[in-house]
Every structure is written in C-alpha cells, then in structure tokens.
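[1] Pasting the sequence and the predicted model now:
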Amino acid sequence: MSQHTMSETPAEFVTFRLAHQWIGIPVLMVQEVLMTHRIARVPLAQDAIPGLLNLRGQIVTAVDLRTTLGLPARAVHTEYMNVVVRYEGELFAFMVDDVGDVVTVAPHAIEPAPPTLDERWRAATSGIVRRERDLLVVMNVPALLKLELIAV
C-alpha cells in the first residue's frame with residue numbers, strides 16, 4: 001500500500017490559453033473540449049455569459065473567460081475553443097483561445113498566487129506553476145464560476 005497522502009499526489013490539469021496567459025483547471029472537472037460552437041444569445045444575461053449552447057441535447061452555459069477575467073475582447077470572427085466543465089450537476093463551456101495539453105504537476109510546484117496579481121484573477125486562482133517558458137495559472141473552477149455571477 002502506498003504511503004502517499006493526497007497532498008503528495010501529483011495533480012493533472014487541462015491547460016488552455018487566454019490572450020498570452022496559460023491557465024490550468026483540474027482534469028477531473030473537464031467533460032470535453034469542443035471547437036467553436038453556435039451559441040444562442042440570452043437576453044439580459046451578464047456580459048460574461050454570451051448565451052447557451054446545445055451539446056447533444058444538454059443545455060450548456062457559455063462563459064467568456066476573457067470578459068470574466070478582464071482581458072481584452074476576442075476579435076469578432078476569431079475562432080475559439082470551449083472547455084466544457086461540470087460543476088454541481090450543471091455544464092459550463094469556458095470559451096478559450098486555444099487548448100494545450102494535460103499536464104501533471106507535483107503539489108510542491110504549485111505556489112501561492114502573488115499579491116500583485118489582479119484582484120479578479122487572485123479570487124479565482126489556486127496557485128501558480130513556474131514552467132520553463134511561462135507561468136501556468138491554476139484556476140479554482142467554483143471560484144471562477146462565482147466571478148461569472150458577479151462579472152461587471
């Protein structure tokens with residue numbers, strides 16, 4: 001029997017890019033990755049919620065993470081991808097610029113978010129992983145979805 005505790009177990013993250021920043025979310029929360037999908041607009045929805053999409057008969061709330069995290073808007077006809085996550089029985093499609101690989105990270109490699117990080121990012125970040133060429137921001141999906149509800 002292994003002597004590893006949960007905190008010593010490596011974590012796996014699906015990585016994706018928003019603008020020039022790589023972000024990771026726990027692989028166990030990700031249901032699938034989709035190419036650009038037709039979104040039905042929802043009147044009076046927050047700016048971060050461009051609408052709903054139909055995924056094989058299931059209604060999925062589209063979430064524009066650029067808006068949520070205060071990044072510049074994506075150019076109008078730019079292709080994007082959707083990272084579909086399940087949280088509390090609901091499906092959400094995070095609209096992202098590009099999807100990377102699944103990466104395995106040792107727990108000791110995840111550092112606390114620096115205090116200089118933007119307040120909205122810090123509220124939804126579990127930590128930072130220093131990589132050879134860049135930083136990977138590890139997002140806390142429940143906290144990120146809470147930001148959606150209060151996005152301005």
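    Alright, I've got the coordinates. Residues are numbered from 1 along each chain as shown.
[2] Can you show me the strands along this structure?
    Secondary structure of the chain by DSSP state E: the strands cover 11-18, 21-26, 30-35, 51-55, 58-64, 81-87, 90-96, 98-105, 110-111, 125-130, 135-139.
[3] Quick one, which of these gets closest to V42.
    strand 51-55 (4.9 Å; CB to CB). C-beta here means a position set from N, CA and C on the backbone, and glycine is covered the same way.
[4] Can you give me the buried ones in stretch 41-54?
    By neighbour count with 16 or more other CB atoms under 10 Å, stretch 41-54 contains the buried residues 46, 48-53.
[5] Please apply the same query to stretch 14-21.
    Per 16+ other CB under 10 Å, stretch 14-21 contains these buried residues: 14-16, 18.
[6] do stretch 103-122 as well
    For stretch 103-122, by 16+ other CB under 10 Å, it's 103, 105, 110, 113, 120-121.
[7] Likewise for stretch 67-79?
    Residues of stretch 67-79 classed as buried by neighbour count (16+ other CB under 10 Å): 67-69, 71, 74.
[8] Point out where this protein drops to low pLDDT.
    Residues of the chain meeting the criterion pLDDT under 70: 1-7, 148-152.
[9] Now with 50, please.
    Low-confidence regions of the chain, defined by pLDDT under 50, span residues 1-5, 150-152.
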